[in-house]
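A.B. asks: kindly return the folded structure for what I paste below:
(one chain, ligands or ions: 2)
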Amino acid sequence: MRQSQLLSKTRKDAPKDEVSKNAQLLIRAGFVSKEMAGVYSYLPLGLRVMQKIEDIIRDEMNKLGGTEMKTSIIQSKEVWEKSNRWSDELVDNWFKTKLKNGTEVGLSFTNEEAYANILKQYISSYKDLPVYPYDFKSIFRNEARSKSGVLRGREFYWKALYSFSKDENEHNEFYERSKISYKNIFNRVGIGHLTYVTFASGGTFSKFSHEFQAVTPAGEDTIYFDEKKEIAVNKDVYNDEVINSLGLDKNKLVELNSIEVGNIFSLGTKFSEPFDLKYKNELGEEKLVVMGSYGIGLGRLMGTVVEILSDDKGLVWPTSIAPFLIHLIEISSENEVVRKTAEALYDKLAENGIEVLYDDREARAGEKFNDSDLIGIPFRIVVSEKGIAKGEFEIKERKSGKIEIIKEKDILSVILAKAACPARGIQKN
Ligand code: ATP
Ligand code: MG
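C.D. replies: Numbering: from 1, shown residues only. Ligands and ions are numbered 1, 2, ... in the order given. Coordinates of the predicted model:
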């Protein structure tokens, strides 16, 4: 893509009311645009990152046995009354509205009811189970405070998978496998080294749920972390009984701030009961379906990557989710030879499936370099008069600042090698 056609521009300052580092950087670099507190639009650069995160999550969910669908955002009152979650007294973050005829409707703030209601129509026999539907969807929550940028949106995009199993055993087996998929996801987006399985509050049907907490000072959550065992306990459930039951030693736990980037929850029959979600087993007996929920906020995940990986010059994207692999920068565009060389390289890389942002703007070199650092694309290639005279290009890695000088004839193979981004840290289910 040509930068002259990119709709957004970098800017020096973020809006004054934006206090979070993630949104400040994403706004300054032209990835998102702020509509109001907790509400952001994703510009072309931001959308590309979001789509890559979505592709990684989709890949892991499909490998886990998930089946993708799309549930509606508009939800009917009757459905949510079944589980007693329509009332504003019990759920304080609904966005509700009315149809022209006065019928009340709500905008999804979560998805258990939508799935239980739909699956009720398709589950009747043990042959229909297990099943693992999921979707990517915009979610609406009337959050009281929203000061953490894209980490806590009033409108946000998430993935939610729901498991429908015949019994506890089948559920537990899937639940354990889902943890591995989640670890793979966080490894693949570049924050796996700081993201830990955390024991959090459960419900009627399970003592604990599990959160995936990414450690950063920007986090709103507090966890107690055992470095050796690589597990943590959320402050919400932190007490002597819990610590002992998990075989942890209080003196070895460190208190850390963290962001909940995902969570998994055993729901038991909490929803299958009110929705009368039953199946007939091999003996013809009626049984309640056992459910679980598995969520990840994509915007929150993107914001977490920003909080953890960016530096004082700007964003730093891992190759797996970067909007482009290469930032191609021509210096002194008015020079015909420079322009032609850059255009030719741009075409050649594009023909080979390499994603390139080509800075074809008429701007000073310093401005282009600063913008490039702010945007954070993994590799920058500079096409300059001096380099052309020597038959060379300069490649700089954004993360390390390391510079390589590559002969013109080798440039394609060097870039192709960098593009072959290995599926880092993937564990098999
Ligand atoms: P939190 O405890 O941070 O309020 P939650 O426990 O309410 O989140 P869930 O309802 O379980 O979160 O949603 C599943 C996932 O969706 C979370 O793990 C998180 O990644 C993401 N998420 C939740 N709320 C938001 C939000 N307001 N903005 C962005 N992502 C969110
Ligand atoms: Mg939570």
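
A.B. asks: when you work out contacts or count neighbours from here on, use the C-alpha atoms and nothing else.
C.D. replies: OK.

A.B. asks: per-residue confidence at E334?
C.D. replies: At E334, the pLDDT value in this model is 79.

A.B. asks: next: G376.
C.D. replies: On pLDDT, G376 comes in at 98.

A.B. asks: so it sits right up against P318, yeah?
C.D. replies: No - using CA atoms under 8 Å, G376 makes no contact with P318, being 9.0 Å away.

A.B. asks: more neighbours: these two, which one.
C.D. replies: G376 (28 against 21; other CA atoms under 10 Å).

A.B. asks: how close does that one sit to F369?
C.D. replies: G376 is 11 Å from F369, where distance means CA to CA, to the nearest Å.

A.B. asks: cool, and K407?
C.D. replies: Taken as CA to CA, the span from K407 to F369 is 22 Å.

A.B. asks: do the same with F109
C.D. replies: On the measure of CA to CA, F109 and F369 end up 42 Å apart.

A.B. asks: compare these two (neighbour count), which wins?
C.D. replies: F109 (20 against 17).

A.B. asks: torsion angles phi and psi at that one?
C.D. replies: phi -110, psi -10 (degrees, to the nearest 10).

A.B. asks: and it, what does it touch?
C.D. replies: Going by CA atoms under 8 Å, 6 or more residues apart in numbering, F109 touches N93, W94, F95, I139, F140, R141.

A.B. asks: from the residues you listed, which land in strands?
C.D. replies: Among the contacts of F109, DSSP state E puts F95, I139, F140 in strands.

A.B. asks: and the stretch 101-250 of the chain, which residues reach ligand 1?
C.D. replies: L151, R152, G153, R154, F156, W158 (CA under 6 Å from any ligand atom).

A.B. asks: of those residues, which is the most crowded?
C.D. replies: Using other CA under 10 Å as the neighbour test, those are led by L151, with 28 neighbours.

A.B. asks: now that one: closest residue in space, sequence neighbours ignored.
C.D. replies: R300 (4.2 Å; CA to CA, 6 or more residues apart in numbering).

A.B. asks: can you tell me how far L7 is from L45?
C.D. replies: In terms of CA to CA, L7 sits 9 Å off from L45.

A.B. asks: repeat that for Y132.
C.D. replies: Counting by CA to CA, the gap from Y132 to L45 is 32 Å.

A.B. asks: now render the contacts of F109 as CSV, adding distance to K70.
C.D. replies: What follows is those, written out as CSV (distance: CA to CA, whole Å):
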residue, distance to K70
N93, 22
W94, 20
F95, 20
I139, 12
F140, 16
R141, 19
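
A.B. asks: those residues: which two are farthest apart?
C.D. replies: By the measure CA to CA, N93 and I139 form the most distant pair in these, at 11.2 Å.

A.B. asks: for the closest residue to Y126 other than its chain neighbours, give me its contacts.
C.D. replies: By the measure of CA to CA, 6+ apart, the closest residue to Y126 outside its immediate chain neighbours is N281, 5.1 Å from it. Neighbour list for N281: S125, Y126, K287 [criterion: CA under 8 Å, 6+ apart].

A.B. asks: and N281, what's its pLDDT?
C.D. replies: 97.

A.B. asks: what's it sitting at in phi/psi?
C.D. replies: Dihedral angles (degrees, to the nearest 10) for N281: phi -80, psi -180.

A.B. asks: give me the distance between it and L129.
C.D. replies: Here the criterion is CA to CA. By it, N281 lies 10 Å from L129.

A.B. asks: same thing with Q427?
C.D. replies: 26 Å.

A.B. asks: and the two? Which one has more around it.
C.D. replies: Taking other CA under 10 Å, Q427 and L129 do not tie; L129 has more neighbours (17 against 11).

A.B. asks: touching, that one and E170? I think so.
C.D. replies: No - using CA under 8 Å, L129 is not in contact with E170, being 9.8 Å away.

A.B. asks: which element is S266 on?
C.D. replies: Here S266, judged by DSSP states H and E, is contained in strand 253-268.

A.B. asks: confirm that L47 sits in a strand.
C.D. replies: No - counting by DSSP: H, G, I helix; E, B strand; the rest coil, L47 is not part of a strand but helix.

A.B. asks: chain neighbours aside, what residue packs nearest to it?
C.D. replies: F31 (7.6 Å).

A.B. asks: tell me the contacts of that neighbour?
C.D. replies: Here F31 is in contact with S8, Y42, L43, P44, L45, G46, L47 (CA under 8 Å, 6+ apart).

A.B. asks: equivalent analysis for V261, please.
C.D. replies: Taking CA under 8 Å, 6+ apart, we find V261 in contact with E211, F212, Q213, A214, I296, G297, R300, L301, T304.

A.B. asks: just the ones of those residues in strands?
C.D. replies: E211, F212, Q213, A214, I296, G297.

A.B. asks: the first one and F95, how far apart?
C.D. replies: Computed as CA to CA, the E211 to F95 distance reads 25 Å.

A.B. asks: same thing with the fifth one?
C.D. replies: In this structure, I296 and F95 are separated by 21 Å, where distance is defined by CA to CA.

A.B. asks: which of the two has more residues huddled nearby?
C.D. replies: Applying other CA under 10 Å to I296 and F95 shows that I296 carries more neighbours, namely 23 against 16.

A.B. asks: so for the more buried one, what's the pLDDT?
C.D. replies: At I296, pLDDT is 98.

A.B. asks: any idea how many residues pack against the residue nearest to it when sequence neighbours are not counted?
C.D. replies: Nearest residue to I296, sequence neighbours excluded (CA to CA, 6+ apart): G262, at 4.3 Å. When neighbours are defined as other CA under 10 Å, G262 has 24 of them.

A.B. asks: now the stretch 301-429 of the chain against ligand 1: closest residue?
C.D. replies: Taking CA to the nearest ligand atom, ligand 1 has its nearest neighbour within the stretch 301-429 of the chain at L301, 6.7 Å off.
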